[in-house]
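> the sequence isn't on hand, but the structure is:
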């Protein structure tokens, strides 16, 4: 497998083109509409927000994924098309139809994604003009414009690509993503669009994606506020001529994991106001679900997040967060390691070099490892620190 | 029922005395040990933290409550006696024994509570001296010293008292509490000690307390980090000569509710860095559990808390938080009211005077009412805004 290339995204696999344009939703000069097209019909898979409140494009794109075949993804930033009623449903379908007409395909083969303000009708004439413009700009060269066009308060674009050698031959995977940014008045939205020139049927692609997303994008948290618009989409167009058989599946999935893990960590790194990221690894749990619950509770604890911000070796907060996770943990069986230093074991704090640990906790990436002593299951969560800047960004009035 | 008196606490009911002294756990000049004594044996009831990690004094005091009878409460601030192993258990028992010896009662009739730093052995010689000193200071006059001695980063003491006219006669209820403050390196701890001169058996007292706590202290949140040391204790010594019979129970419970609600709101108002408080009332839920879940998710949402801080009429965040609460809500049935202005109904945002609502949201107390349209159950949660000051307080290194 090649190393991750952070400077190329969805255009890296064969047979994909993309564009990013300004159509007038955001302020002039900011790209706000992205288009990704596969030259041929592709298998499609996707995972979507678990929030019961789902934006119109989420409902539309679920339909696309259930059909299993797609030609394109159209995504806009600046307006989430969420809580916009019947009109919102019509607007999402219209976006798909406009793209489908150009490609001569069925509208239900066009994924639609939106991120931005909630409860405001979509500016459809701007979108319509933007889609026309995007078709004139489609290119298989640099895909930075598409990566830029899906951003909201993100401070940098997120791209990743990779070549994967499988027993069946070499395939390519590319992706762009946006993370925890907000355009007032809404919430962090996570979007990721992945392309690959591997040939795969939709159910196999979906199984791969679900497995990978559960261990990457679903294991990151900035503030626990899952959005109404989150989605991860993958298109597999087969342009490499390599069909992924049973024996090549592991290699492919490993490649997909690399790309998703890289982007997930980049998203956390770019969390609103974040200055550092930390990993919470929970080991020795009775089940993976237990491990995930404990890891998530620690990763989302405001007291842990602020302690990490301050570089404070405040292990009591970590143990206490585990205690309220809903998992029947036993302090007497726990072992807590911060940056390779054991600070707590079997119900007892251990003496440690506090100044030394404090120094280690100043790093941009911090590691916490908690063993529960109840079994063999593990899980990891990535989180960002909580800063005064986060509060500033999110309490600003939206005019 | 008389109005709440915020200037008198546990000494207001007949037959109780208290003291607050400095014994050397905190910095000189700060009171750190409180003692509350009933002249006669009292019925006792209590509720405790749900955290699986529980401090030694919590385990001890659960034993006291299960015995049903108590003479005194001894509480210290500055050290939580949590995650301190076997020694911690011995220290909690020793605190009870020292008080019991003076009173000539069984140690298991003395409630023990601690709040402060986690994982540090208790300074028992200081505590021992403090208990001796406290007995010399016991008074039935002003109880401000006891209220002060249980504070950590609270910025003001919290007292409340009330006279209750019941069909059986007049009884008094008094209380002191501490809230969401932290002494590095730990978490918010909530303590409340309630006295009453009503005569009641322990099981009835416990039933009353549980009911009231579920709707007051258990419905407030500053940062969702439940502590290892939380407890609410009530002593009923019967010194009024009034035994609460079946017909007087409602009046008594209503009085207890008033005192607890007042203190719960004071605790939220004094949340770390808080500048305002807000109530989230959820109506029309299928069950009270559903209502509570939705209310809590909204009350704890960082995006809602920061919006409230900024006075931003950001209703999209509220609906989105409800959507991820785990309750199968339906946006199309929801109705959201902020400060008496309907902003969302049946899946659609309503036009409203945004500037006018913004102005109303500048108040120190803000009200949010969300109807789910799924049934008749309701619940309310109180929360504080999230501020840069919260981050500052909690990220400061603890030296």
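Yep, that arrived. If you're wondering where the values come from, they're calculated on a predicted model, not measured in any experiment. Numbering: from 1, shown residues only, chains lettered A, B, ... in the order given.
> so does the longest helix belonging to chain A get close to chain B?
Longest helix in chain A, counting residues (DSSP state H): helix A:249-269. No - Helix A:249-269 does not reach chain B (CB under 8 Å from any CB of the partner chain); its nearest approach is 15.1 Å. Using the backbone N, CA and C atoms, a C-beta is placed for each residue, glycine as well.
> now chain A, which segments are flagged as low pLDDT?
Counting by pLDDT under 70, chain A contains low-confidence residues at A:180-188, A:224-226, A:397-399.
> shouldn't residue A:377 be in contact with residue A:294?
No - counting by CB atoms under 8 Å, residue A:377 sits too far from residue A:294 to count as a contact (10.3 Å).
> who's more crowded, these two?
Each of residue A:377 and residue A:294 has its neighbours counted (other CB atoms under 10 Å in any protein chain shown); residue A:294 has more, 25 against 17.
> so that one versus chain B, what's the distance?
Residue A:294 is 10 Å from chain B, where distance means CB to the nearest CB, to the nearest Å.
> enumerate every residue touching the closest residue to residue A:285 other than its chain neighbours.
Nearest residue to residue A:285 in three dimensions, chain neighbours excluded: residue A:291, at 3.6 Å (CB to CB, 6 or more residues apart in numbering or on different chains). Neighbour list for residue A:291: A:282-283, A:285, A:372, A:377-379 [criterion: CB atoms under 8 Å, 6 or more residues apart in numbering or on different chains].
> could you tell me which of these belong to strands?
Among the contacts of residue A:291, the members found in strands (DSSP state E) are A:282-283, A:285, A:377-379.
> before we move on, the earlier item: report the set of residues contacting both of residue A:377 and residue A:294.
In contact with both residue A:377 and residue A:294: residue A:285, using CB under 8 Å, 6+ apart.
> what residues of the longest helix of chain A count as buried?
A:249, A:251-253, A:255-269 (16 or more other CB atoms under 10 Å in any protein chain shown).
> domain-wise, how is chain A divided?
By the record's domain assignment, chain A is partitioned as A:16-269, A:277-395 (automatic domain parsing).
> okay, these in TSV with distance to residue B:218 next?
TSV is the format used below for these (distance: least, CB to CB, whole Å):
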stretch	distance to residue B:218
domain A:16-269	20
domain A:277-395	13
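> how much space between residue A:1 and residue A:143?
21 Å (CB to CB, to the nearest Å).
> these two: which is more packed in?
Ranked by neighbour count (other CB under 10 Å), residue A:1 and residue A:143 place residue A:143 first, with 29 against 14.
> in its sheet, what does the lengthiest strand in chain A sit against?
What stands out as the longest strand in chain A, according to DSSP E, is strand A:33-48. Neighbouring strands of strand A:33-48 in its sheet, by DSSP bridges, are strand A:16-21 (antiparallel), strand A:69-79 (antiparallel), strand A:231-236 (antiparallel).
> now do whichever helix or strand comes after that strand and strand A:69-79, the angle between them.
Where DSSP states H and E defines the elements, the next helix or strand beyond strand A:33-48 is helix A:56-67. Interaxial angle, helix A:56-67 versus strand A:69-79 (axes from the mean of the first three to the mean of the last three CA atoms, to 10 degrees): 170 degrees.
> got the buried residues for helix A:56-67?
A:56-58, A:60-61, A:64-65.
> want to throw those residues into CSV with distance to residue B:115?
Output for the buried residues of helix A:56-67, formatted as CSV (distance: CB to CB, whole Å):
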residue, distance to residue B:115
A:56, 49
A:57, 49
A:58, 45
A:60, 52
A:61, 50
A:64, 55
A:65, 51
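> nearest to residue A:220 among those residues?
Residue A:220 lies nearest to residue A:58 out of the buried residues of helix A:56-67, by CB to CB, at 19.0 Å.
> in space, what's closest to the closest one - neighbours in sequence excluded?
residue A:48 (5.4 Å).
> contacting residues for that neighbour?
A:54, A:58, A:61-62, A:230-231 are the contacts of residue A:48 under CB under 8 Å, 6+ apart.
> show me what it bridges to in the sheet.
residue A:231.
> secondary structure element for the residue lying closest to residue A:286 once chain neighbours are set aside?
Nearest-residue entry for residue A:286: residue A:375, 4.0 Å, with adjacent residues in sequence omitted and distances by CB to CB, 6+ apart. Using DSSP H and E, residue A:375 sits in no helix or strand.
> distance check, residue A:375 against chain B.
16 Å.
> ok, now residue A:20?
Taking CB to the nearest CB, one finds residue A:20 at 26 Å from chain B.
> again with residue A:223
As judged by CB to the nearest CB, residue A:223 and chain B stand 4 Å apart.
> quick check: that residue touching residue B:303?
Yes - with contact defined as CB under 8 Å, residue A:223 reaches residue B:303; the gap is 6.4 Å.
> any chance of the contacts of residue A:48 in CSV with distance to residue B:39 as columns?
CSV is the format used below for those (distance: CB to CB, whole Å):
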residue, distance to residue B:39
A:54, 62
A:58, 65
A:61, 71
A:62, 69
A:230, 62
A:231, 67
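> max pairwise distance over those residues: which two?
Farthest pair in these, by CB to CB: A:62 and A:230, 12.1 Å.
> for residue A:156, the count of nearby residues, please.
13.
> likewise for residue A:213?
21.
> now it, nearest residue through space, not along the chain?
residue A:47 (4.7 Å).
> now the one you found: how far from residue B:72?
Taking CB to CB, one finds residue A:47 at 58 Å from residue B:72.
> between these two, which one's more packed in?
The residue with more neighbours, out of residue A:47 and residue B:72, is residue B:72; 25 against 20, by other CB under 10 Å.
> now do the contacts for that one.
B:35-38, B:99-100, B:103, B:105, B:109-111.
> so where do the strands sit in the stretch 151-300 of chain A?
A:158-166, A:169-178, A:191-196, A:220-221, A:231-236, A:277-285 (DSSP state E, counting those that start in this stretch).
> got the ones you listed as TSV, with mean neighbour count columns?
Listed next are the strands of the stretch 151-300 of chain A as TSV, based on neighbours: other CB atoms under 10 Å in any protein chain shown:
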stretch	mean neighbour count
strand A:158-166	23
strand A:169-178	25
strand A:191-196	30
strand A:220-221	22
strand A:231-236	28
strand A:277-285	23
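> right, and the ones you listed - which one's nearest residue B:310?
strand A:220-221 (22.3 Å).
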